[in-house]
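Q: What follows is a predicted protein model with its sequence.
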Amino acid sequence: MVRARGPVWHKKQKAQGIVPKGLTGLDREATWSYSVADGWVYGHGTFCVTTHDCSVVGLFIWMPNSAHEAKRLGAEMPAYAGQLDSVCMDSKADDQKLYFGLQREHGMQLITRPRTGKNKSASRQQMIREMWTQANRKIFRARNTTVEPMQGMLKDIFDLETCWMPGDGNNRWLFAAMGVAVQIAQRQASASHQSTWSVKQAVLGI
């Protein structure tokens, strides 16, 4: 989640289309979302794909802050069919339809932390048995050192605690350009056997 540029438009007022008097510079297209780490954030979302084996950005694009990440994951993964055998995501991806769909249609094993108290149906019990094995848990834990820091690296390079510009369209193109810039720098670093994490200077040209 990236905070919107300008003031916050409170959720109830946004739902009613009420802009308080004197509230200028408002990003009307930003939306609300919540995470345990950041709490409630009014802004825009980023969707990032990276790998466990080599720390490079596969995808960094805009998405509505209020959109469902697991649904976006399901929409993006077909492009990687035949290249990936396992896909990891946090507990927001704990969805039977997504799990069996990736498995059946693309030969991908989804690995996510199953929510507690939700294992009542036979199909869900099957999903958990297949997914939450000791080997898959080890793969999932690797997210802490490969996947999660990647968003932080991109935010740090581009100072993305706050969006540069307002609006869906502006941020859609900016985030895509940021992702491409990092991909180019990481490819150059990898080719010269350097760290794909230390690319800030190459991206910014400083």
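A: On my side now, so go ahead.

Q: what residue is smack in the middle of the chain?
A: Phe47 (3.3 Å; C-alpha atoms, centre = their mean).

Q: and Ile128, helix, strand or coil?
A: Assigned state for Ile128: helix (three-state reduction, DSSP: H, G, I helix; E, B strand; the rest coil).

Q: Distance of the closest residue to Glu29 other than its chain neighbours relative to Ser91?
A: Using C-beta to C-beta, 6 or more residues apart in numbering and skipping the chain neighbours, the partner closest in space to Glu29 is Asp168 (4.7 Å). Backbone N, C-alpha and C define where each C-beta goes, glycine included. From Asp168 across to Ser91, the span is 27 Å (C-beta to C-beta, to the nearest Å).

Q: The two - which one has more neighbours?
A: Between Asp168 and Ser91, counted using other C-beta atoms under 10 Å, the more crowded position is Asp168 (16 against 12).

Q: mind listing what that one touches?
A: 29, 44, 62, 64 (C-beta atoms under 8 Å, 6 or more residues apart in numbering).

Q: Can you check what pLDDT the model gives it?
A: Predicted confidence (pLDDT) at Asp168: the value is 97.

Q: and the contacts of Asp168 as CSV, adding secondary structure and distance to Gln109?
A: CSV is the format used below for the contacts of Asp168 (DSSP: H, G, I helix; E, B strand; the rest coil; distance: C-beta to C-beta, whole Å):
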residue, secondary structure, distance to Gln109
Glu29, coil, 36
His44, strand, 31
Trp62, strand, 28
Pro64, strand, 28
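
Q: With respect to His52, which of those residues is nearest?
A: When the contacts of Asp168 are compared for distance to His52 (C-beta to C-beta), Trp62 wins out at 24.1 Å.

Q: low pLDDT regions in the chain?
A: Counting by pLDDT under 70, the chain contains low-confidence ranges at 118-119.

Q: Looking at it, which helix is longest?
A: In the chain, ranked by residue count with DSSP state H as the criterion, the top helix is helix 168-191.

Q: For the protein, which segments count as strands?
A: Remark: strands assigned in the chain by DSSP state E are 2-3, 31-35, 39-50, 57-64, 86-88, 109-111.
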